[in-house]
Every structure is written in structure tokens, then in C-alpha cells.
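Visitor: Coordinates only, no sequence provided:
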């Protein structure tokens, strides 16, 4: 008889061995209900709920569970867990005797038996079981004890056991109820967690009573008598803690929410599934520092003595060489009226941050040099909507200033004069080539484009500055570790113009006319930076780069409300400076090497308009003396000096003419007009001479055309492209 019984048990164990998975299989099958955004080093940055059927966290190793919780589970669910072989026969006998006499007893199911049911039911609550199911559970428990270690059994149990509501596993319970990792649970928290295993959805008083029993059993286990009853105020504590399950956030709080805005964007693009772990390029330490720096900046700006009505800030840090995003903070949190808005991607007015690109283009087109004088004086420009009258930030004018001073001190009128030479149409094309999301052509913005009237995003603006850092080549940036091969890039500026503009942006002396000598823009080692403030102080920027990193900071209000008395050096610049200082804490930033296409020349100014200095020039444009009389003419090198130099007034670059079939062809003329007078210049159309004079009439011919203004030596002074559309009409040949 005994032999037959043993044979039956052996057969059942053999069957269980084929039915039950191994510990590694159970762990590998586990899926969190969330997807997790990771830093480049694997640290969690943000957690997003995907599976709505249950709330599950990451699989937690037993070594990462607090001793108090492990003890509470054993005391509560299976006191002889470390003694039995899967079935507690003493407990089963006691339960049977109690059931015989209708005595209320604890259940006889061990942790191992419960785990068998959890594995079979994929973690769902088992409910009441039949005798046959109990027998299968018993056989399964015996098999688990023979093939699994005790620590593996307890680890799997803690990860699979259902708790209150939709919560499954200790990781989700610990984060949802207590806002901490399982390793940090104390005795009271552990007792509450263990109490929920027996009755997950019981009312507060019952859970509190069960927690009290567990706490006293734990105290008795150690034989320690305490003066304070561990159950004191336990009812209110349990009720307060359990209410957290009703409003658990989609994004985990604390350090798990370091990059919620980037996580939200990636979720919309990549669509990761439940349990996915997506590795980003972000540096967790840098991300945390940038977030805290922005929060501190906002707190200082809103100090009670001088509140500035500024509630939002954002920042991005990009590796110059690789294009990897190292920090992405879409909102600085607490004070915001719209914390869900990702200000790294929000379109805002650029302000003066576009000026470096304007001067780089003008230098490349040999319209100006860094030494060229521009007149910072009142200027009225006729536009389709009336007169455009630019003003400087301080409503003052500085008179004649060099391009170096005009850019370094962010003077508005000289920038507008430069845009008159470059034209809004061509400048807008340059900005688009840099990756800035201009929604309209340059003529839509007009001359205000020099002062940043176009909307840009912090991400694209910072990456455009990265193009300057990389010698004028624009490339995309990446925020996921598994990014595509980097393209060759688009050359927007020459290395020469990029170097000269970078040198100006790094020159603290060039900033003094506006920012003074002791400026927060100055850093201990090399950096090139530009600030900007949009109309009505709605946006404040500080964007620049070191030899290794590009840093962009925006400060303002996500709802568009204006700030109060916040400028580039009081708003975004202090945070920018702190971030750059943090990035350079281990190694100094070095200024770029001068490319072969630039030379340095000693320059003196007539009447000491500016102090004599060594200045960088694109090779062939250098000059040693700069005066007002020579300033409006081309230097011996062939460079235009300022806005008064000869240029084409009409047609503007990019103009499209349409031939009207109802008008006699001889009556349709396009007029070429110069914006200067007196200079001996000639017209050249499509490479062929087309006469002289301040104005010239041309009979339009369908197609694309290039109109040039050339001097006596045949050098191009100005050039525009235009197009004529319409049916060909037989007319007399144009003169």
C-alpha cells in the first residue's frame, strides 16, 4: 500500500515537473505594465503606463526587498516557510481540526502553494479552490520546493502576488502606496503590505486590524518589549496610505520623472509596448542638475521682494560632435501654469538669437567684415504696412559701431541695416537650411526678421548654434541611443564666417556697450553665447556653445503672459552660465583653431571711433584702416562695408513676375533699380551686360533670371534672382 502511494506521488510529481515552469522562465515572462525611458547609463528617467488591466512594476530581486517586508510576509502568510518542504502539514492539520469544530483559523496554504496558483493563473487572484485544485496545488508546491530554492520562491511570490485593486507585485505596491522602492519599506509599511495579501480590497478598519496583528507578531518574534504600542494611530495611517491607490499618476514621481516631456514625445513616435525599456542619450546626472538649476532660477526670479511674473523654463544640452541630446528639460515644474507643455518644442519668438546667423551670412557674402562700421542711428524703412522703425533694447543709439560691437552688444539697428543688404528672402532661406521651422517666406517677416520675429523652438535653435560650433555644417540631433547613421550634413556657412562669428560671441569686450564688463555671459574657459528677448518680454533666451557642448535655455510663461523686467542677462543667462560651469567642471573648454581661410590684421579707426585692435578677416577682405568716408565703398579686397553700399533695390531676391496675356507685351516691363546713387556701376543680366544707370527697363522673358550689379573691374556688388512666369509672346527683341 505504501509502495503504491509512493508510486502515485512520484507520478504526480513527474507530471508537475512537466507542467510547472522554472524560476528563470517565470522571471523572463514577467512584463511591467509600463514602459520605461532610460538614461544612457540605464538609469530610469520616466515611467509611462501602457497596460490598463493591471499595475505592475519591474521585477524586484529579493536582495532589493527590505528585511522588514520579508519578515512580515513570512510571519503573516507562512510562519514555517523555512522549515517545510512546500506543504505545512502541521498547519494543514490545525486548519482541518478548526474547520471540524467551526473554529476560525488561519489558512493552511503556504507561500509555495500560493505561488503555484499564481503561476498557473498568471498572477490573478485564485479565489476559492476545489479539492482537486487543492491537490494539484499541493503537488505543485512539493515540486517547486524540490526544484526551486527558498529565496527564488519568496522572490517570485512577492513579484506575482496581487495587492489592492489593480496592483500586482511588490514593486507597483511600494511605488504607488509609499512612493519609494521596496528596499526602503519600514516595519509599519511592511505590515500594511503583508496585510493586503490576505484581504486586498478589505475596508480600512479590517486592514488596519490585520496590520496590527502582524506588527505585534513581528515584535514577539524578536522577543523585544517596546514602550510604545506599534498599533498607535495605525487606523488613520492605513486610511491615509490606501487613498493613494485611487489617484496613482501615469508618470511616476520623484527621480523616475526626470524627463517626462521627452518620454511623452518618444511614446508618440516610437510607441513602445508594456515592459519596454527604451534607452535615451540623456545623462541622468546632468538632467537632474539642469532641472534643479531651472527650478532654482525661477524661484530666485519670483522672490517676494521683486517678483518677475515668470513661471516656466526649459533647457537642452547637445553634444557638438555626435549630436546626442544629453539633457532635455521641457518644464521646470512647481510654479508653472502649464507644466505639461514641452517648452523645448514650443514655438516662440526668437528675439536677438538670430543675429549671429545674419552676420555670418553677410560675412560669407562679403557684404561686411567684423571691422566694418555700421550706423546705429534712427532708421525708417518703408514697408507694405508703413514705416518700420527699429529700436535698441535700451532705446538708445550708439552711433557708428563695428560689426563686432553690433553683434556682441546685440544692437538692433545695425542688424536691420545688415538685413537690408542680405534681404529677408535670402536670410529666411539660410535659417531654414539651419533647421529652423520658419512657416513663411522671408518677405512675410520683412526687416523684423533681423530681430527675431519668426517663431522657433529651443531644440532647433540650439541645434542651429551647434552648426556654428561645427564650422558652419548643420546636422540633426538624436535623443535615442539606437539612432540612425549620422548624415554628412548641410554646409550653411563657411568655416571662415563661422569662426569669426564664434570669436565675436566669445568676446566679452564686444559685449560691454550693452552688458558691461562684469557679465554673467562670461565664463572661465571658452564659450560663445547670445541672449535674446522677444516682444513684450514674453520669451527670454540664452543659447551658446563650448568646445564640446551646445546649451540652450528659455525662460518665460508657457501661456504667453509677459514677464516683468526680465532680460537676457537676468532670466535665462544665469541658468545657462551654471550649466556651462557644470559641464566644464572636469575639463576646460578650448577656443576653436582658426581655419586656413582667415587672417588677423591690426585695424585702426578714424577719429578713434573704436580702439585699435587685431581683427579676424576672411582672407582677401582684410583692411588696416577704417574710416567713415571709405566705409560706404568697397575696400581694396572687394567687401561691401555697410548698408549705404551700392545694392539692387528692385526687384528683390526671389520675386516672381507673371505675364498677363490681356496686356500688350510692349506695355509689360520690369524695372531694375539701384538703391544708391552716384557710383559707376553697370547691370548684368544672366551673365550678359545690360547697360548702366540707376534705372533700367527690361521686357520680361519667361524663365529664371539672375540680375547682377557690377563695378568697373567686373566684380559683383550685388545679385538677385527672380522668375518670370506666363505664356511666351512674340515681341520685338528686348534691347
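Guide: Looks like it came in fine. Since the model is a prediction, treat every value here as computed from it, not as a measurement. Residues are numbered from 1 along each chain as shown.
Visitor: and stretch 398-418, how far apart are its ends?
Guide: 16 Å (CA to CA, to the nearest Å).
Visitor: Off-centre distance for that stretch?
Guide: Centroid separation between stretch 398-418 and its chain, computed with CA atoms, centre = their mean, to the nearest Å, is 32 Å.
Visitor: mind listing what's buried in that stretch?
Guide: Within stretch 398-418, the residues that count as buried by 16 or more other CB atoms under 10 Å are 398, 400-418. Quick note: C-beta positions are derived from backbone N, CA and C, even for glycine.
Visitor: Can you give the distance of stretch 340-347 from its chain's centre?
Guide: On the basis of CA atoms, centre = their mean, stretch 340-347 sits 9 Å off its chain's mean C-alpha point.
Visitor: which residues touch it?
Guide: Stretch 340-347 has contacts (CB atoms under 8 Å, 6 or more residues apart in numbering) with 261-262, 264-265, 312-316, 328-331, 437, 455-459, 554, 556, 558.
Visitor: List only buried entries from the residues you listed.
Guide: Neighbour-count burial (16+ other CB under 10 Å) is assigned, among these, to 261-262, 264-265, 312-316, 328-331, 455-459, 554, 556, 558.
Visitor: what ranges do the strands span in the stretch 51-200 of the chain?
Guide: Counting by DSSP state E, counting those that start in this stretch, the stretch 51-200 of the chain has these strands, from start to end: 55-56, 167-168.
Visitor: weakest of those strands by average pLDDT?
Guide: When those are ranked by mean pLDDT, strand 55-56 comes last with a mean of 87.
Visitor: Report the strands that pair with it, each with its relative direction.
Guide: Using DSSP bridges, strand 55-56 pairs in its sheet with strand 167-168 (parallel).
Visitor: ok, residues contacting the strand it pairs with?
Guide: Here strand 167-168 has contacts from 54, 55, 56, 123, 160, 161, 162, 173, 176, 245, using CB under 8 Å, 6+ apart.
Visitor: So which of the residues you listed sit within helices?
Guide: 160, 173 (DSSP state H).
Visitor: for the contacts of strand 167-168, which one is nearest residue 322?
Guide: Nearest to residue 322 out of the contacts of strand 167-168 is residue 56 (CB to CB; 35.3 Å).
Visitor: How about that closest one: what's its closest non-neighbour residue?
Guide: Distance criterion CB to CB, 6 or more residues apart in numbering; nearest residue to residue 56, sequence neighbours excluded, is residue 33 at 4.4 Å.
Visitor: so that neighbour sits right up against residue 172, yeah?
Guide: Yes: with contact defined as CB atoms under 8 Å, residue 33 reaches residue 172; the gap is 7.4 Å.
Visitor: Give the intersection of the neighbour lists for the two.
Guide: 55, 56, 57.
Visitor: for the chain, longest strand please?
Guide: Using DSSP state E, we find that the single longest strand of the chain is strand 716-725.
Visitor: what packs against that strand?
Guide: For strand 716-725, the packing partners by 3 or more CB pairs under 8 Å, 6 or more residues apart in numbering; DSSP states H and E come out as strand 648-650, strand 655-658, strand 703-710.
Visitor: comparing those, which gets the lowest mean pLDDT score?
Guide: Mean pLDDT is lowest for strand 655-658 among the helices and strands packed on strand 716-725, at a mean of 77.
Visitor: Direction included, what does that strand pair against?
Guide: With DSSP bridges as the test, strand 655-658 is paired with strand 716-725 (parallel).
Visitor: Validate this expectation: residue 617 resides in a strand.
Guide: Yes: counting by DSSP: H, G, I helix; E, B strand; the rest coil, residue 617 is found in a strand.
Visitor: How much space separates it from residue 626?
Guide: Residue 617 sits 11 Å away from residue 626, going by CB to CB, to the nearest Å.
Visitor: Over to residue 487?
Guide: Distance from residue 487 to residue 626, counting by CB to CB: 41 Å.
Visitor: just residue 601 next, same as before
Guide: The spacing between residue 601 and residue 626, counted by CB to CB, is 11 Å.
Visitor: Now do the phi/psi pair for residue 400.
Guide: Dihedral angles of residue 400 (phi, psi; degrees, to the nearest 10) stand at phi -70, psi 130.
Visitor: For residue 201, grab phi and psi.
Guide: Torsion angles, degrees, to the nearest 10, at residue 201: phi -110, psi 30.
Visitor: count of neighbours near it?
Guide: Using other CB atoms under 10 Å as the criterion, residue 201 is surrounded by 12 other residues.
Visitor: In space, what's closest to it - neighbours in sequence excluded?
Guide: Excluding its sequence neighbours, the residue lying closest to residue 201 (CB to CB, 6+ apart) is residue 164, at 6.2 Å.
Visitor: okay, residue 487 and residue 626: which has more neighbours?
Guide: Higher neighbour count among residue 487 and residue 626: residue 626, with 22 against 9, using other CB under 10 Å.
Visitor: from memory the more buried one sits against residue 607, does it?
Guide: No: the pair residue 626 / residue 607 is not scored as a contact, 10.6 Å apart, by CB under 8 Å.
Visitor: wait, isn't residue 376 in contact with residue 411?
Guide: Yes: with contacts counted by CB under 8 Å, residue 376 reaches residue 411, the gap being 5.2 Å.
Visitor: Which of the buried residues of stretch 398-418 fall within strands?
Guide: Mapping the buried residues of stretch 398-418 onto strands (DSSP E) picks out 400, 401, 402.
Visitor: dump the residue contacts of the residue nearest to the second one when sequence neighbours are not counted.
Guide: Okay, so that is residue 401. Here the nearest residue to residue 401 in space, its sequence neighbours aside, is residue 376; by CB to CB, 6+ apart that works out to 5.2 Å. Applying CB under 8 Å, 6+ apart, we find residue 376 in contact with 392, 397, 398, 399, 400, 401, 406, 411, 413, 414.
Visitor: for residue 309, same thing?
Guide: Counting by CB under 8 Å, 6+ apart, residue 309 makes contact with 302, 557, 561, 562, 563, 564.
Visitor: In those, find the pair that's most separated.
Guide: Largest separation among the contacts of residue 309 by CB to CB: 302 and 562, giving 14.6 Å.
Visitor: which residues of the stretch 501-650 of the chain score low on pLDDT?
Guide: For the stretch 501-650 of the chain, applying pLDDT under 70 flags the ranges 568, 629-645.
Visitor: Relative to residue 274, how far out is residue 307?
Guide: The gap separating residue 307 from residue 274 is 44 Å, by CB to CB.
Visitor: the more surrounded of the two?
Guide: For residue 307 and residue 274, the more surrounded residue by other CB under 10 Å is residue 274, and the numbers stand at 17 against 11.
Visitor: Where do the domain boundaries of the protein fall?
Guide: The chain is divided into the following domains under automatic domain parsing: 1-26+61-161, 325-583, 598-629, 648-725.
Visitor: Throw those domains into a markdown table and include distance to residue 185, thanks.
Guide: Listed next are the domains of the chain as a markdown table, based on distance: least, CB to CB, whole Å:
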| stretch | distance to residue 185 |
| --- | --- |
| domain 1-26+61-161 | 4 |
| domain 325-583 | 27 |
| domain 598-629 | 63 |
| domain 648-725 | 68 |
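Visitor: ok, of these, where does mean pLDDT dip lowest?
Guide: The weakest mean pLDDT among those belongs to domain 1-26+61-161, with a mean of 72.
Visitor: Please look at residue 200 and residue 166 and confirm they touch.
Guide: No: judged on CB under 8 Å, residue 200 makes no contact with residue 166 at a distance of 10.0 Å.
Visitor: just checking, residue 335 is part of a helix?
Guide: No: checked against three-state DSSP, residue 335 lies outside a helix; its state is coil.
Visitor: how close does it sit to residue 344?
Guide: Counting by CB to CB, the gap from residue 335 to residue 344 is 18 Å.
Visitor: between these two, which one's more packed in?
Guide: Between residue 335 and residue 344, counted using other CB under 10 Å, residue 344 has the larger neighbour count: 24 against 17.
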